[in-house]
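Asker: Fold the following, please.
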Amino acid sequence: MKRVNVLLDIILIGVGLYLTMTDPAAKTLGIILVLAGVTSRITGAVFSPTEPYDERQGTVKIRSGHIAYLVSIGYLFLILLLVNLSIIQDIQFALLLALGGQILFFPIVLIFINRRI
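Answerer: Numbers count the residues shown, from 1 in each chain. Model prediction:
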């Protein structure tokens, strides 16, 4: 099962990169696919799908989710502030930054919390 997950993650990243580089109309979709593949790969590396689910995993995931949620609120406020101050001109780029941050905060915090506990 682990090999299938790795293969699916690589396919997501590959298709996302292909769409981002070749088709301007599907650039946003390509970036979202790359982010999904990276998130899945990081989560799979932190908790192997072959190890059984235990109380420690639940604690780590809950704590990571809470911290990622709090950080993402501040991150969205920062993106809105940058758009309001006209530092970020393109609203679609700002939305893509916000979505990318939302998607990647959980696995990044998951890595740090897993190392601490």
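Asker: what pLDDT does the residue most central in space within the chain get?
Answerer: In the chain, the centroid-proximal residue (CA atoms, centre = their mean) is residue 104; its distance is 2.5 Å. Looking at residue 104, its pLDDT reads 90.
Asker: how about it, what does it touch?
Answerer: Applying CB atoms under 8 Å, 6 or more residues apart in numbering, we find residue 104 in contact with 35, 38-39. From N, CA and C alone the C-beta is placed, and that goes for glycine too.
Asker: which among these gets closest to residue 50?
Answerer: Nearest to residue 50 among the contacts of residue 104: residue 39, at 19.4 Å, using CB to CB.
Asker: what's the one helix or strand residue 64 maps to packed up against?
Answerer: If you go by DSSP states H and E, residue 64 is part of helix 55-84. Applying 3 or more CB pairs under 8 Å, 6 or more residues apart in numbering; DSSP states H and E, one finds that helix 55-84 contacts helix 91-116.
Asker: Roughly how far does the residue nearest to the centre of the chain sit from residue 45?
Answerer: From residue 104 across to residue 45, the span is 14 Å (CB to CB, to the nearest Å).
Asker: SS state for residue 52?
Answerer: In three-state terms, and counting by DSSP: H, G, I helix; E, B strand; the rest coil, residue 52 is coil.
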